[in-house]
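Chemist: Pasting the sequence and the predicted model now:
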Amino acid sequence: MGRYVARRLLQMIPVFIGSTFLIFAMMYALPGDPVRALMGDQSFDPAILAAKRHELGLDLPLWQQYVNYLTGLLQGDFGTEIGSGRPIADIIADAFPVTIRLTLFAFTFMVIVGIGLGVVAGLKPNSIRDRGLLGLTLVLISMPSFVLGYLMQYVFAFQLGWITPTVQDSENMGDLLLPAIVLGSLSLAYVARLTRTSMAENLRADYMRTAVAKGLPRRRIVGVHLMRNSLVPVVTFLGTDIGNLMTGAIVTEGIFNVQGVGDAVYEALFRREGATVVGIASLIVLVYLLCSLLVDLLYAVLDPRIRYA
Amino acid sequence: MRRAAAPAAWAACALATALAAGGCTGPPAAAGGPDGILTSSWGDPQNPLEPANTNEVQGGKVLDMVFRGLKRYDPRTGRAQDMVAKSITTTDARTFTVTLQPGWTFSDGEPVTARSFTDAWNYAAHVDNVQNNAPFFADIEGYDEVHPADGKARAKTMRGLKATGERTFTATLTGAYPAWPDTLGYQAFLPLPRSFFTDHDAWLDKPVGNGPYRIASYAKGSGMKLRRWDGYRGPDRARNGGVDLTVYTDAGTAYTDLMAGNLDLVDDVPATQLKFVRNDLGDRYVNQPALIIQTLAFPMYRKEWSRPGMEKVRRGLSMAIDREQITRRIYQRTRTPADDWTSPALGARGGYRALCGAACRYDPAAARKLIAEGGGLPGGKVTLTSNVDTGSHRAWMDAVCHSVNRALGERTACTVDPVGTFADFRNRTTSQRMTGPFRSGWQADYPLIQNFLEPLYRTGGSSNHGDFTDRSFDRLVDAANARRDPAAAVGDFHAAEAVLAEQMPAIPLWYQNGSAGWSERLAGVTLNQFSVPVYDRITVL
């Protein structure tokens, strides 16, 4: 087990380097000069542009810029922004906690409600409540998140006046509730459907019949035998979805004015702040990698037949 | 962020309690009266909040609250009025003696002296400090030594700046420039306290100035709390207790918050809401021309556009554009059809006059005739280019082309070349890779007619991207710059504009308006020429 984890962690290194390089090269390949764009329509001095470029190493060839970036990164230095001169580490430190809170909130919501709905429907396939769930998830899946976001904003903030339309304090869980629900709702639909299908299928499995025949109490049959086996695909989905939630927050964060990662990436892309984009994207890549490792390890817990050596 | 935000909330609370002698139960923003605090939308400033580094409106908004310079442009008339300056005198229009009003201090208690200005200006101009606004000091003697075109600086300070006393200094320019004092209202010329130089990082975290507000807290990327500085002795004390600026990445979200009573002031009403704004806000909405003009500049470095006779084609194209309809349909009247190359925000005294005349009026018959007389469009075609990432540029380009095609009776004479990003578009315009008319937007740095004409159309002008050159235009601009009497200077500039009307190196399209909407809690909201709300005059009910 320990060796397996170590191997996986080592494998992450080339993946991390490769993906950061790809993002870096893409930002580099975008046409136009971010330093020049800083000056807008106004008069400017070319010497200042050259000095800025030189100071930030933007006048070097791509590979050299990338090597510099990686060396900095290894020393914990994410670089500085072109325009504001702020260390990117500061921007990340401001934005990530907000997004992580939002993501965890959305994640918890979608796990509890999604699996709950899936179990309720999956235990009685083709019943009314099963069809009800199918309808609900269909609506959630087909509705783009900004539609849902504006709709909820309209209903809860303007019509009912229960909440403020935007997030006032990103540490207030009540404020984050609505964006978290909007963010989690698409995945919630998938989780509910996956759980439902996998439950419905496993209900007919041999081991279920055996368990029933043994006279085990229903709680144990469903809670241990059925759930554990049915959750494997759901866990796979949940693992990869954490990354999606973090990046998918761009739209939701915009609607509710949450100053998180999505907001920061959007702003940085707009201003062509390459290093900011690469820094944040790299961290999201890391989150993805770690989550998929965690998922693989969870398989072993859920299904004892799976062993890692 | 918690650590930064909590003491600030405390401070605001303590302040509200002390001033209003009330409890601190609700949010501080809910209180009204002379100490009421308003909330306003903001964008994250692109550059560090240094006066000489700030060249866009969001940073300028804060500087305008926190600082006062030698001069300030009157928000209503746009005229440069003495602020910290007691007098700026000259005998030869080249050497100016600046005397400061006594009694001005920075909010940390340091008095504003001549050195507050000279040190700040020398810092701004020096090449090593890489300040965006350094070119604004190019008129001062010795600029080329601290900021050579290439290579290292040969001096630490500019020869032309000398502090001659506690509150007087002289500035010697490279040539006569009578209107120079009027440019001093620009934020690059603001004074700086010692703490800016001694502890730069700390200063940047929480800038200290000499204006009616001081910064209570600043959370980069998310917001800033400004409070009225009670030690302010200037003539324009704030009429409210303070301003909380909140960063919005989406103007639509800010508008939503305004509608929900969650925000008091929005100074950028999104295009999608323009149709409803009258309904939503009634008279709590302002929409007025700003010092911004959009034009279509011609690449005069291309023979096919600059050869003799083409001026008729250029004028003909201008007459083929139905500005009235486009500003109404696409911009819901947040743009005003242009009839000169400056802006109505200058006012008649400042030099605005409808000098484009008939050449800026939609007249398809005359347009057809002029273009035919001039020899037709080069190759029978014209392609418009602009970046399309902001400002509905794609929409108006299509509309302009539609209008031109309809006027000429040809379906495909005019086409558009949308460029994805502003950075890319800039690259192409500055490297002279345009083959047809391209968008040229201009926001004036100070409300002077000179700023609309010289940088854009004088031979070798800093933003003359179309490479227009005309001897009589240059002569008139030089003559205007040398005039002592502002009215006479404006006369010369008008004559220079007449040259533009004849040559049409750029087609005036429309003036961009500033707009703002506010909640019922506020009164006295106005915009200055830069479309920034005049915060110190706002009262909270």
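Modeler: Looks like it came in fine.
Chemist: who in the stretch 201-309 of chain A is up against chain B?
Modeler: Residues of the stretch 201-309 of chain A found near chain B (CB under 8 Å from any CB of the partner chain) are A:254-257, A:259, A:263-264, A:266-267, A:270-272. To be clear about C-beta, it is placed using only N, CA and C from the backbone, and glycine gets the same treatment.
Chemist: mind putting those in CSV, pLDDT and distance to A:Leu30 included?
Modeler: Putting those into CSV (pLDDT from 0 to 100; distance: CB to CB, whole Å) gives the following:
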residue, pLDDT, distance to A:Leu30
A:Gly254, 84, 21
A:Ile255, 87, 26
A:Phe256, 88, 28
A:Asn257, 86, 27
A:Gln259, 85, 24
A:Asp263, 84, 20
A:Ala264, 87, 18
A:Tyr266, 84, 15
A:Glu267, 83, 15
A:Phe270, 77, 12
A:Arg271, 78, 12
A:Arg272, 79, 7
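Chemist: now the residues you listed in CSV, with neighbour count and secondary structure?
Modeler: Listed next are these as CSV, based on neighbours: other CB atoms under 10 Å in any protein chain shown; DSSP: H, G, I helix; E, B strand; the rest coil:
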residue, neighbour count, secondary structure
A:Gly254, 19, helix
A:Ile255, 24, helix
A:Phe256, 29, helix
A:Asn257, 26, coil
A:Gln259, 25, coil
A:Asp263, 26, helix
A:Ala264, 28, helix
A:Tyr266, 17, helix
A:Glu267, 21, helix
A:Phe270, 13, helix
A:Arg271, 21, helix
A:Arg272, 24, coil
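Chemist: Around A:Ile13, how many other residues sit close by?
Modeler: Residues lying near A:Ile13 (other CB atoms under 10 Å in any protein chain shown) number 10.
Chemist: the bottom helix or strand of the chain by mean pLDDT?
Modeler: All of this refers to chain A. helix A:34-37 (a mean of 75; mean pLDDT, DSSP states H and E).
Chemist: Sorry, I should have been clearer: chain B.
Modeler: Sorted by mean pLDDT, DSSP H and E, the helices and strands of chain B bottom out at helix B:2-20, which shows a mean of 35.
Chemist: can you map out the helices along the stretch 151-300 of chain A?
Modeler: A:173-202, A:206-213, A:218-220, A:227-256, A:261-271, A:274-302 (DSSP state H, counting those that start in this stretch).
Chemist: do the stretch 201-350 of chain B as well
Modeler: For the stretch 201-350 of chain B, applying DSSP H, counting those that start in this stretch gives helices covering B:251-259, B:277-281, B:303-306, B:310-319, B:323-329, B:347-350.
Chemist: Tell me the residues of the stretch 1-150 of chain A that contact chain B?
Modeler: A:30-34, A:36-45, A:47-48, A:51-52, A:55, A:83-86, A:90-91, A:94-95, A:97-98.
Chemist: Next up, the contacts around B:Ala395.
Modeler: Counting by CB atoms under 8 Å, 6 or more residues apart in numbering or on different chains, B:Ala395 touches B:Ile330.
Chemist: tilt between the helix or strand where it lies and helix B:310-319?
Modeler: Taking DSSP states H and E as the definition, B:Ala395 sits inside helix B:393-408. Angle between the axes of helix B:393-408 and helix B:310-319 is 110 degrees (criterion: axes from the mean of the first three to the mean of the last three CA atoms, to 10 degrees).
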